[in-house]
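In: show me the folded form of this:
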Amino acid sequence: MDAGTFRWVLIVIAVLVALGVYLFGIHQARLRKRNAVETFTQEEIDSAFVEDEQLRFEMNNLNQILTDNEADENLDEIRINPAAESQETPFALPDAEIYVPTMLAARDEDSLISYHLRHEDFRLITGEEADAAVQETGLKPNDEGLLEYREEGEITFQVASLSAPGHFSEIEKLDFASLGFNCFIDLEACKNPRLAYESMLKKIDELVRLLNVKVYKPDQDLLTISDVTVVRENLA
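Out: Numbering: from 1, shown residues only. As a prediction, the model looks like this:
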């Protein structure tokens with residue numbers, strides 16, 4: 001074999017070897033990719049299986065705890081205060097007694113406009129709450145302990161307490177409390193009832209927002225827009 005032929009033989013062998021290495025690499029890459037996909041899929045399945053088994057275990061454990069508690073306890077036998085078991089507790093407490101000062105109770109309905117501001121559940125208004133609302137709305141105490149609001153030096157309306165003794169003389173004391181405010185206009189003493197009424201409505205609106213209370217008529221029905229309209233027409 002001459003040198004030229006031998007050279008060509010070497011070239012062919014080298015090409016075949018390179019081609020084999022290339023094809024073998026592609027084959028290995030495909031195998032690795034397939035194994036990776038299969039492995040990842042199996043890991044996901046295993047993970048989901050583990051989570052599902054763990055959840056099932058926790059649920060079974062919770063059900064067992066609830067079953068054990070129901071078996072160990074009888075809810076009908078639980079007593080918060082055993083000493084008071086013989087006493088019947090009403091579903092709702094009776095309405096608190098609304099205090100009306102004598103000066104208002106003796107007045108004719110036609111000579112007086114009166115609205116009560118209080119919580120729906122008769123919860124007491126503390127002295128701190130009442131005093132803050134009074135300061136914010138510009139109400140001032142008079143010599144009788146009632147609150148009053150003035151415009152241009154004239155009294156537009158007054159406020160009595162819904163709790164005895166009916167005044168706010170001790171509003172700054174820590175133990176002061178009241179069921180609410182009784183806002184009223186003495187029509188016989190008021191020079192301009194219509195303007196006084198609008199002024200009272202404005203201040204009532206402020207008190208409602210400050211104290212989070214509702215507005216009631218003296219018969220304890222909620223005040224409505226229709227009621228206000230009727231009063232405005234009568235004062236016109």
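In: what sits closest to residue 98 if chain neighbours are left out?
Out: Spatial nearest neighbour of residue 98, excluding adjacent residues (CB to CB, 6 or more residues apart in numbering): residue 162 at 5.4 Å. All C-beta spots, glycine's among them, are computed from the backbone N, C-alpha and C.
In: number of nearby residues for that neighbour?
Out: When counting by other CB atoms under 10 Å, one arrives at 24 neighbours for residue 162.
In: same check, this time on the one 10 residues further on
Out: Residues lying near residue 172 (other CB under 10 Å) number 11.
In: pLDDT value on the residue nearest to it when sequence neighbours are not counted, please?
Out: Among residues not flanking residue 172 along the chain, residue 131 sits closest, at 6.0 Å (CB to CB, 6+ apart). With respect to pLDDT, residue 131 scores 94.
In: tell me the SS of residue 131?
Out: Going by DSSP: H, G, I helix; E, B strand; the rest coil, the secondary structure assigned to residue 131 is helix.
In: please report how far it lies from residue 225.
Out: When distance is defined by CB to CB, to the nearest Å, residue 131 is 30 Å away from residue 225.
In: who's more crowded, the two?
Out: Between residue 131 and residue 225, counted using other CB under 10 Å, residue 131 has the larger neighbour count: 16 against 7.
In: the more buried one contacts residue 174, correct?
Out: No. Using CB atoms under 8 Å, residue 131 is not in contact with residue 174, being 10.8 Å away.
In: returning to that earlier point: residue contacts, the residue nearest to residue 98?
Out: When the contact criterion is CB atoms under 8 Å, 6 or more residues apart in numbering, the partners of residue 162 are 98, 99, 116, 118, 178, 179, 180, 181, 182.
In: give me the domain ranges for this protein.
Out: Following automatic domain parsing, one gets these domains for the chain: 1-89, 102-235.
In: worst mean pLDDT among these?
Out: Checking each of those, the one with the poorest mean pLDDT is domain 1-89, at a mean of 59.
In: the most centrally placed residue in the chain and residue 159, how far apart?
Out: The central residue of the chain, meaning the one whose C-alpha is nearest the mean C-alpha position (CA atoms, centre = their mean), is residue 212 at 13.0 Å. Spatial separation of residue 212 from residue 159 under the definition CB to CB is 17 Å.
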